[in-house]
Each structure stands twice: as structure tokens, then as C-alpha cells.
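**Q** A structural model of the following input is requested.
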Amino acid sequence: MADYYPLLARALDALPDRTPALRKAVYDRARNALISQLRSLDPPLSEADIDLERRALDAAIERLEVDHGGLPAPANDAALAANPAPSAAAVVPEPSPPKPAVAEPALPPANPPFAARYEPPVVTPEPEAEPREAPIPIAPPRPGPPQPAAAEASAAAEEPLPPAEDPDLAAAAMEGGNGRQRPRIEVVPPRTGRSRLLRNVFVGGMLAVVIAMIAVAAFLLRDRPQGLPSSGTETADTQQPEAESKFGDRVGGDAVTPPRAAPRTDSAAPPRAATPSTEPTVSVAQRAELIEEVVGADNAQPALLPGRVTWKLDTVNGGQGQPLQDAVVATVMIPDAGLTLVMTIQRNLDTTLPASHTVNLVFNETAGGGGRTIQDVGLLQAKDDQNARGSPVSGLPVRVRDNLFLIGLSSLPNDVERNTDLLLHKNWFDLALRYTSGKRAVLTFEKGSTGAQVMQNAFAAWQ
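**A** Prediction:
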């Protein structure tokens, strides 16, 4: 079962206002996407499994609403209002006016045998004093023997309090999402089939991707001033991450004048029918470089690890119930670092997600990679040459897990135009990285003439 709370919390963090209307929009999108994805699985899930995931999502939504003071707050107030009721019931024996009339009937059910034994010798002189001081409410506290009985009555009144704590536990279970998840965790283990376990792992991973895309939707719902300018070179300088600006200032030296005679002759053949025969030439390697910061020295120069990148136009699966579509696939290899990136850019065909395109980032580590596990990535940035500062695309990066990320490109008209211009007309791309060790790096790779031809063919097919 996927943990929806951190994913939905990250989606809400992308909202600037976090108003109830925007929160409800995110919840509705998450719920619709979850149910549609579960019902579209090829090995169909049972209704019990679908209902289990839906209730887990609802529990996460309730936890988030508690954190934001939303819908569950009245329920909590009602639960808190129910809790003082037992305390009020415990205080009822304390007021004196009703006690002279009710105290004597109440004592026999509390301790009937003791009331029968001690009333003849001691209580008989007291009724005479009670009618004399009946108008005075101080009469009940005077007699000595009734005081232990009152203490016993208060003790008896305190005894029902432990069962009254059970509603508190139930209310606490309703307030927090953990109380609801525990019984579900107990229900899951009885299904101990290996195929069931693998299936749950697959469903959990897929649902994590779905909720990650909901985070993209949450980001794109907000009103962003970045969508106003169509040329983003000037605005990108202020949005560039701090780590990447440092590396951009430190990197320098390699000339950017590649001779591309052979690829140009290959790209001169525009017919799409000849794609299978031209794929080997389209995959000509371009330059790439991994720039890592050096930890432990203040003025140390960053480490530069050379690599290469290949571009190709490939056919990928569009998703559940969607046709095959063309996609741009860039494979970046850094042999000395033991790190490989497969970047896939494709058009978004899911109408429930307000993203024009998606960028899938899959990192692979080889033996001797030196523990370069990627924990976070920044937005893809485009630039004219290797030493320039990049302009980030308009979108949102989402972490699915270590070494697996997704970038949703904004579907706003101004953003679509700007992103298309960056992808088609810029020659280099930067991607800021952060390892699990906390070390930062920048992966920069060239599009070149082969990548430019692949990108143009892809956008022509997407029209």
C-alpha cells in the first residue's frame, strides 16, 4: 500500500494559498486518478483492494485537513465536546442541592449492604437535624458518616471514567491517519501469496507515480507570474539554483565548436519513412560532462568527469489505454563516475493532468560508481553554449524515489510556447543533482545537430 500522506503534502506545499477550494481540487484529482489507474490494471484488482487503497487515500486526506485546520476540525471539536460530557457527569455528584433528595437512593445501589448495616445506629439522629437545616444547603457536608459514602460515590463515579477514555481513543484514531492504517496493515498480511506481494509492490509504485503527477497538477493550478513573459532568458537568471550558478561560474575552458559535417548530411534526409535506417546515424554521440563539488576545501575547483550523450527518436507506450507515441530519448553516460541517465521527453496524453509534456529521468549506477545515488534533481535548464547560464523550463520536478524522477511541463499557453522554444533552439542542457550523501553536482550535455533533428521530428509528430 502506498503512503499517500507525504506525496499529497508535497502537492499542497506547491500551492501558494492552500485555500480549501485548491486543496479540494488536488484531492479530487488524486482520487479520480487513483480509481481510474486501479480499474485500468491489466490483471484486474478486486473491489476490496480498490476500496482499501481509496480508504488509505481518504485517511491521508483527513490527516492533511487536520494539519491545515480543514474539514476534520469540526469532527474533532465534536469529539472534544463529547469528552467533557463524562467529566460533567463526574461533577454532577458534587452539587449539594439535588443530593439531599437523591443521595439516599443513590447510596443503596453503590453499597447496599453497608447502607443497611450502618443506617440504624448512626443515621437516625441525622434526619432530625436534616429537617431543621433543610433550607440550609450546608447540612449535607456536616454529618461525618455520609462523607466516606460520598467518597465512595465519587470513587464509583471515577470508575466509569476508564470506559469513557475509549471514545477518546476512538476519536484520536479518527483524528490521526495512523489509527486507520494499523487495522489495514493487519488485514494485508493474511494474503501471503508471492504473486499478491509482487502485485502490491507494482501497484504501490504505480500509484506513487500517479500521486507524483498530482503534485505537478497542484503546482500548475497556482497563478504564477513567470507565465507572463514569453522569452525566459532574463527571468531564468533569477530563478537559477544556487548550486548550479556556482558550478556555472567555475566551469570553463572547453571550446564549443564541434564539427558536425556527417550528422548534417544525415539530417538532410527528412523523410520519416527512412527512420529505421537512419537511427544508427541519429545516435551519434555528443558531448556530456559531470561537474561535482569537492567537499572539504573552501576554494577547491569542482571535479570534471567527461562523458557522452546519444539522442534518438523512439516509440514508447503512452500509458494505460493510450496509443504508442513518439518520444525523445537521450542517454547520458559518464563512464568514470559509473553513472548513466536515460531522459525521455514525451507528450502528455492524460487529460486529467494539466501538463503539456513529461520528462522522465532514470539514473543507473554501475559497479564502482562511488555511491552516486541521486536523491533530488532540479528543473531541466537550457542554454546556448556550455559555459553559459541556463534558463529553466516551466514545470515542476517530482521525486518518485532515489534515481527516479519526473518533470511535468506546464500546460499554460505562455509556458508551452516558452518551453518549446527552449527545447528546440537551445544547444545545451543542465540538470542540477544532489546525491544521498549531500554532495551536489551538475550534469551538462549537448544536443548538437543530431539532437536538434530528433527534437524537431518529435515536435512535428506531436502537432
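**Q** correct me, but residue 318 touches residue 324?
**A** Yes: the pair residue 318 / residue 324 is scored as a contact, 6.3 Å apart, by CB atoms under 8 Å. Yep, even glycine has a C-beta here, placed from its N, CA and C like the rest.
**Q** Can you show me the helices along the stretch 351-463 of the chain?
**A** For the stretch 351-463 of the chain, the helices defined by DSSP state H, counting those that start in this stretch cover 413-425, 448-462.
**Q** okay, those, which one's buried deepest?
**A** Mean neighbour count, computed with mean count of other CB atoms under 10 Å, is highest for helix 448-462 among those, reaching a mean of 20.
**Q** just to revisit the earlier point, mind checking which of residue 318 and residue 324 has more residues around it?
**A** residue 318 (16 against 9; other CB atoms under 10 Å).
**Q** show me what contacts the more buried one?
**A** Residues in contact with residue 318 (CB atoms under 8 Å, 6 or more residues apart in numbering) are 324-325, 346, 349.
**Q** Next step: these restricted to strands.
**A** The strands, defined by DSSP state E, take in 324-325, 346 from the contacts of residue 318.
**Q** Turn those into JSON lines, columns for distance to residue 31.
**A** Putting the ones in strands among the contacts of residue 318 into JSON lines (distance: CB to CB, whole Å) gives the following:
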{"residue": "324", "distance to residue 31": "29"}
{"residue": "325", "distance to residue 31": "27"}
{"residue": "346", "distance to residue 31": "25"}
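**Q** what's the closest of these to residue 29?
**A** residue 346 (20.5 Å; CB to CB).
**Q** What separation is there between the closest residue to that closest one other than its chain neighbours and residue 57?
**A** Nearest residue to residue 346, sequence neighbours excluded (CB to CB, 6 or more residues apart in numbering): residue 327, at 3.9 Å. Distance, residue 327 to residue 57, using CB to CB, to the nearest Å: 30 Å.
**Q** Got the phi and psi for residue 337?
**A** Here is the backbone geometry of residue 337 (degrees, to the nearest 10): phi -90, psi -10.
**Q** Pass me the low-pLDDT residue ranges in the stretch 151-300 of the chain, would you?
**A** 151-283 (pLDDT under 70).
**Q** Residue 405 bridge partners, please.
**A** Beta-bridge pairing of residue 405 under DSSP bridges involves residue 361, residue 399.
**Q** Which per-residue confidence value corresponds to residue 65?
**A** pLDDT for residue 65: 88.
**Q** secondary structure element for it?
**A** helix 47-67 (DSSP states H and E).
**Q** what packs against that helix?
**A** helix 4-13, helix 20-39, helix 72-82, helix 177-187, helix 194-221 (3 or more CB pairs under 8 Å, 6 or more residues apart in numbering; DSSP states H and E).
**Q** let's go with 10 Å and repeat that
**A** Here helix 47-67 touches helix 4-13, helix 20-39, helix 72-82, helix 161-175, helix 177-187, helix 194-221, going by 3 or more CB pairs under 10 Å, 6 or more residues apart in numbering; DSSP states H and E.
**Q** Please parse the protein into its domains.
**A** 1-223, 235-255+262-462 (automatic domain parsing).
**Q** re earlier: is the residue nearest to residue 346 in a helix, a strand, or coil?
**A** strand (DSSP: H, G, I helix; E, B strand; the rest coil).
**Q** For burial, what's the neighbour tally of it?
**A** By other CB under 10 Å, 23 other residues sit near residue 327.
**Q** How about residue 55?
**A** Neighbours of residue 55 using other CB under 10 Å come to 14.
**Q** Report the separation between it and residue 48.
**A** 11 Å.
**Q** Same question for residue 311.
**A** 46 Å.
**Q** More neighbours: the two, which one.
**A** Ranked by neighbour count (other CB under 10 Å), residue 311 and residue 48 place residue 311 first, with 26 against 8.
**Q** which helices and strands does the host helix or strand of the more buried one pack with?
**A** Element membership of residue 311, judged by DSSP H and E, is strand 303-317. Here strand 303-317 touches helix 275-282, strand 286-292, strand 324-334, strand 339-347, strand 440-446, helix 448-462, going by 3+ CB pairs under 10 Å, 6+ apart.
**Q** Now do the buried residues in the fourth one.
**A** Applying a neighbour-count criterion of 16 or more other CB atoms under 10 Å, the buried positions in strand 339-347 are 339-341, 343-347.
**Q** now swap in stretch 318-332 and tell me
**A** 318, 325-332.
**Q** As TSV, the residues you listed with distance to residue 420 and pLDDT would be great.
**A** Converted to TSV, these look like this (distance: CB to CB, whole Å; pLDDT from 0 to 100):
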residue	distance to residue 420	pLDDT
318	20	70
325	17	89
326	15	93
327	16	95
328	13	96
329	18	96
330	17	96
331	23	97
332	22	97
